[in-house]
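Asker: how does the following fold in three dimensions:
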Amino acid sequence: MNNANTFGQKGEDSAASFLCGKGFTVIGRNIRMNHLETDIIAKNATHIIFAEVKTRSEYPTAISPYKRPACAVDSNKQKRLIAAAEEYLRRNRDTTNDLQPRIDVIEVYIKPESDKYKVLKIVHIENAVHR
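Answerer: Numbering: from 1, shown residues only. Predicted structure coming up:
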């Protein structure tokens, strides 16, 4: 993997597969509405989730200078995620009315190996962002 976009894309691919394994159907990826963006939109029988994916190459340890990737979802990012979810729900009211909306953060830890990668760990933080 030779750049940050490819690295992030591999993380999003892994997160999407992870959600499918949990019984969700991915209905959109990298959905843009004006200046707002959502990495993954997925649904199951009861929920529609808007997932923000954060990808890193190693899991932070006690001696690591880096915090958990979810910490990158600061208050400004949270406001944009909420606005994106609300706009999507408004535009798609007829197909999302019966579903409970939720904003999740998915941390993906991957190890780059040339043009391939290995998923080390996925942490799914449900209902990570609230109004």
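Asker: show me which residues of the one helix or strand in the chain whose mean pLDDT sits lowest are buried.
Answerer: One helix or strand of the chain scores below all others by mean pLDDT, DSSP states H and E: helix 93-96, with a mean of 87. Buried residues in helix 93-96, counted by 16 or more other CB atoms under 10 Å: residue 96. For glycine as for every other residue, the C-beta is placed from the backbone atoms N, C-alpha and C.
Asker: helices of the chain, start to end?
Answerer: For the chain, the helices defined by DSSP state H cover 4-21, 75-91, 93-96.
Asker: low-confidence ranges in the protein?
Answerer: Confidence mapping of the chain against pLDDT under 70 gives the ranges 1-4, 59-66, 114-115.
Asker: just put the helices of the chain in a markdown table and tack on distance to residue 125.
Answerer: Formatted as a markdown table, those follow (distance: least, CB to CB, whole Å):
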| stretch | distance to residue 125 |
| --- | --- |
| helix 4-21 | 12 |
| helix 75-91 | 12 |
| helix 93-96 | 22 |
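Asker: quick one: which of the ones you listed is nearest residue 32?
Answerer: For residue 32, the closest of the helices of the chain is helix 75-91, at 8.7 Å, according to CB to CB.
Asker: roughly how far out does the closest one sit from the chain middle?
Answerer: Helix 75-91 has its C-alpha centroid displaced from the chain centroid by 13 Å (CA atoms, centre = their mean, to the nearest Å).
Asker: repeat that for stretch 91-101.
Answerer: 19 Å.
Asker: perfect, I'm done here.
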